[in-house]
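Engineer: Task: produce atomic coordinates for the following.
(2 chains)
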Amino acid sequence: MSFMEIKDLRVHYPVRGGFFNTIVDHVHAVDGINMEFEKGKTYGLVGESGCGKSTTGKAIIGLEKITSGQIIYEGKNVTNQRRQRNSSYNRDIQMIFQDAHSSLNPRKRVQDILSEPIRNFLGLSDLEERKKINELLAIVGMPEDAKLKYPHEFSGGQKQRIGIARAIATNPKLIIADEPVSALDLSVQAQVLNFLKDIQDELGLSYLFISHDLGVVKHMCDHISIMYKGRFVESGSKKDIYQNPQHIYTKRLLSAIPNIEPESRVERKIERINVEKNYQLDHHQYFDLNGRVYDLQSISDTHAVAKTDKIEGVI
Amino acid sequence: MNPTQELLTINNLHTGFRVKDTYFNAVDGVSIHLKKNEILAIVGESGCGKSTLATSIIGLHDPNNTKISGEIQFKGLNLAKLADDKLNNVRGNDIGMIFQDPLSALNPLMRIGDQIAEALMYHTKLSKTERSHRVIELLNQVGIPKPERVVRQFPHQLSGGMRQRVIIAIAISCKPSIIIADEPTTALDVTIQAQILDLLKDLQAETESGIILITHDLGVVAEVADRVAVMYAGQVIEEAPVDELFSNPVHPYTRSLLNSIPQTHSDNEKLEVIQGIVPSLVNLPRDGCRFAPRIPWIPAEAHEKEPQLHEIAPGHFVRCTCWNHFHFEGEEGGSLT
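Structural biologist: Next up, the predicted model:
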């Protein structure tokens, strides 16, 4: 059973211009996407930069105005209550940011950073609050004396873990992770990813995992959506996407991932060229005359592709 | 043409940065060489000194706060000792450089055409019209559509991939024999990354230059490199031809690193984690095996006192002897004999 649903979410930015600086056009950053979230699952959102994946995350948590569409949380429409204090939505949906360093206030100690969500939402006494902070630090595997330090005293991976501790302070149900590891080194990235999986099992969290790295997404996610120009081009389980990609854009993305097998690199280059050729050739099957992606059509229980069989011009 | 001809030989290079009157070596005794027609990849995590190595080659450091010792032999010159005005004849002319972030590498107030022509003006004796022809030719070579229009545009009008192509055009404008590419695709999307890497490879085959590719992405290395040097804490810890390195990695660091990549075609639940953190420049352990603190379950006797590079197969070098006894934590094997 899903506890949260996003229906036809749209975020459009006005483009101003002309003599009176009137609105002349809109940028369709997010253009009609639907999602459902189940407990304990990880949902991946993949796409190139500028495809609207971060905007989607920000719109869900309420950092971005929604043009139209609905967010249904536990049966209630919370679209306009996303940033209200004391709302359970605000407490249950938390976010981890890409750049851990700039998401932590440099003038606050770790205990002040962690106590902020606790004071906002939980209303604990001083003693309980201190206990809670120690618990959180233990969960993210940091020593207790870390709470008196400032963010600059930590390494990149540790800072990201403080960000995670802050996000899980209010016992959320869904964490939106916007490129949580793309600023980290390989070995540290592995630490943070393993750790995110561990606390997911422990706390029964759901993740919306936003990333451009298809390797990381495959490792983390149960359900993956590929985004292009503000719309989903393909959506399905991990197996659907990686073993049976249907949309030409997904194929193009998958063929572009560098692989750590130097022996097969010539074949992969040939495959890349083929996919690129098909991309130019079959463009009309996947995109309409304005270059817009078609609506998703489900081809199996879990798998949906944006595609049409109609010939261009007849639509 | 002799394919084994060595273009660049670096011998025992040390590059130190001054921190409060003490010099700390970010590059600590690196010896590598680059042949003609070869892509040498230098891999490592941030802080291992790979970019410092690249900038040392063309002398982009502040001379007041850095100390470079060792030899960088290029065409009979020692670049490490060369005066700045002499070095200017090498920079951009014989050695081209591609930077990570194309937007900050380009001048935002100059048209694309003028920026490319600048290097030509400095290093060649072409006339103005010849120069503009050459600029169009270069833009065609790096695959920019409608070059006649692009020469009149400013950097902000181009996309990230196009900007990186312009940077590459500048780097190859004087037909350099060496191109240093410092994380050329880190700021780009995967589809664009694949295009840029293919372009680099094609250009290299065309011009027969040598490329030093600096990156942290082992996938990129496997995709384009001929030979790989893995760096850790300012030293080269393993050097091998690319097939050899990926099929038979031996140094504990290389093996751990390869194990920590989430791969698209494998389904392992848990990623391998390297204990501890990359040591900072100031706290670097200067004696013994520098990777030892991160594999504490390997007994100290396994390490060499002063780790040297050993050749274990033709062209395959490994530092220290600990790889003989290395096994991942929790695994059996590698007993001391």
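Engineer: any idea which element residue 26 lies in?
Structural biologist: Since no chain was named, I'll use chain A. strand A:22-38 (DSSP states H and E).
Engineer: wait, chain B
Structural biologist: strand B:22-35.
Engineer: What is that strand packed up against?
Structural biologist: On a contact count with 3 or more C-beta pairs under 8 Å, 6 or more residues apart in numbering or on different chains; DSSP states H and E, strand B:22-35 meets strand B:6-19, strand B:39-43, helix B:50-57, strand B:66-74, strand B:210-215, strand B:235-241. Where C-beta positions appear, they are placed from N, C-alpha and C, glycine not excepted.
Engineer: So which of those is nearest B:Asp114?
Structural biologist: Nearest of those to B:Asp114, taken as C-beta to C-beta: helix B:50-57 at 25.2 Å.
Engineer: Can you identify each of the helices in the chain by residue range?
Structural biologist: All of this refers to chain A. Here chain A has its helices, by DSSP state H, at A:53-61, A:88-92, A:100-103, A:110-121, A:126-139, A:156-168, A:186-203, A:214-220, A:238-243, A:248-256, A:265-281, A:283-286.
Engineer: Can you look at chain B instead?
Structural biologist: Under DSSP H, chain B gives helices at B:50-57, B:84-90, B:102-105, B:112-123, B:128-141, B:147-150, B:160-171, B:190-207, B:218-224, B:242-247, B:252-259.
Engineer: right, and these - which one's nearest chain A?
Structural biologist: Nearest of the helices of chain B to chain A, taken as C-beta to the nearest C-beta: helix B:218-224 at 3.1 Å.
Engineer: Near chain B, which residues of chain A are found?
Structural biologist: A:48-49, A:155, A:157, A:185-191, A:193-194, A:197, A:212-216, A:218-220, A:242, A:252-263, A:265, A:268-269, A:272 (C-beta under 8 Å from any C-beta of the partner chain).
Engineer: Which of the residues you listed are buried? Put it as a PyMOL command.
Structural biologist: The buried residues among the residues of chain A next to chain B can be selected in PyMOL (16 or more other C-beta atoms under 10 Å in any protein chain shown) with this line:
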select buried, chain A and resi 48+157+185+186+187+188+189+190+191+193+194+197+212+213+214+215+216+218+219+220+242+252+253+254+255+256+257+258+259+260+261+262+265+268+269+272
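Engineer: what residues does the strand holding A:His26 touch?
Structural biologist: With contacts defined as C-beta atoms under 8 Å, 6 or more residues apart in numbering or on different chains, strand A:22-38 is touched by A:1-18, A:43, A:52, A:55-56, A:59, A:69, A:174, A:206, A:208, A:225, A:227, A:229-232, A:292, A:296.
Engineer: How about stretch B:255-265?
Structural biologist: A:186-187, A:189-190, A:193, A:213-216, A:218-220, A:242, A:254, A:257, A:259-260, B:45, B:218-219, B:230, B:246, B:249, B:271-274, B:295, B:326, B:328.
Engineer: swap in stretch A:180-189?
Structural biologist: A:96-100, A:155-157, A:160, A:163-164, A:192-193, A:196, A:209, A:211-213, A:216, B:45-46, B:216, B:218, B:256-257, B:260-261, B:273-274, B:277-278.
Engineer: And the residue of the stretch 201-315 of chain A that's closest to chain B?
Structural biologist: A:Pro258 (3.1 Å).
Engineer: Give me every residue in the stretch 201-337 of chain B lying close to chain A.
Structural biologist: Residues of the stretch 201-337 of chain B lying near chain A (C-beta under 8 Å from any C-beta): B:216-225, B:242-243, B:246-247, B:256-258, B:260-265, B:269-274, B:277-278.
Engineer: and the residues you listed, which are buried?
Structural biologist: Applying 16+ other C-beta under 10 Å to those, the neighbour count classes B:216-225, B:242, B:246, B:256-258, B:260-264, B:271-274, B:277-278 as buried.
Engineer: So for stretch B:138-147, mean pLDDT?
Structural biologist: Mean per-residue pLDDT for stretch B:138-147: 88.
Engineer: Which positions within it qualify as buried?
Structural biologist: So for stretch B:138-147, counting by 16+ other C-beta under 10 Å, buried means B:Leu138, B:Leu139, B:Gln141, B:Val142, B:Gly143, B:Ile144, B:Pro147.
Engineer: what's the most distant pair in the residues you listed?
Structural biologist: Most distant of those, by C-beta to C-beta, are B:Leu138 and B:Gly143, 10.8 Å apart.
Engineer: Quickly list what the residue minimising distance to the centre of chain A is bridged to.
Structural biologist: Residue closest to the average C-alpha location in chain A (C-alpha atoms, centre = their mean): A:Ile210, at 2.6 Å. Taking DSSP bridges, one finds A:Leu45, A:Asp178 as the beta-bridge partners of A:Ile210.
Engineer: ok, now which ones touch it?
Structural biologist: Counted by C-beta under 8 Å, 6+ apart, A:Ile210 has contacts A:Gly44, A:Leu45, A:Lys53, A:Ser54, A:Thr56, A:Gly57, A:Ile176, A:Ala177, A:Asp178, A:Glu179.
Engineer: isn't the third one right up against A:Leu45?
Structural biologist: Yes: with contact defined as C-beta atoms under 8 Å, A:Lys53 and A:Leu45 form a contacting pair (4.7 Å).
Engineer: Give me the common contacts of the two.
Structural biologist: Contacts common to A:Lys53 and A:Leu45, judged by C-beta under 8 Å, 6+ apart, are A:Ile210, A:Met227.
Engineer: so where's chain B shaky on pLDDT?
Structural biologist: Scanning chain B with the threshold set as pLDDT under 70 gives B:1-4, B:264-269, B:330-337.
Engineer: Nearest to A:Ala304, out of the helices of chain B?
Structural biologist: Here helix B:190-207 is closest among these (C-beta to C-beta), at 22.1 Å.
Engineer: May I have the closest one as CSV, with CA atoms only?
Structural biologist: Presented in CSV, the C-alpha positions along helix B:190-207 are these (Å, rounded to 0.1, in the frame of the first residue of the first chain):
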residue,chain,number,x,y,z
VAL,B,190,27.2,10.6,-19.0
THR,B,191,26.0,10.9,-22.6
ILE,B,192,28.2,14.0,-23.1
GLN,B,193,31.0,12.3,-21.3
ALA,B,194,31.0,9.4,-23.7
GLN,B,195,31.0,11.9,-26.7
ILE,B,196,34.0,13.9,-25.3
LEU,B,197,36.0,10.7,-24.5
ASP,B,198,35.4,9.4,-28.0
LEU,B,199,36.4,12.7,-29.4
LEU,B,200,39.7,12.7,-27.4
LYS,B,201,40.5,9.3,-28.5
ASP,B,202,39.8,10.1,-32.2
LEU,B,203,41.9,13.3,-32.0
GLN,B,204,44.7,11.4,-30.4
ALA,B,205,44.7,8.8,-33.2
GLU,B,206,44.7,11.7,-35.7
THR,B,207,47.5,13.8,-34.2
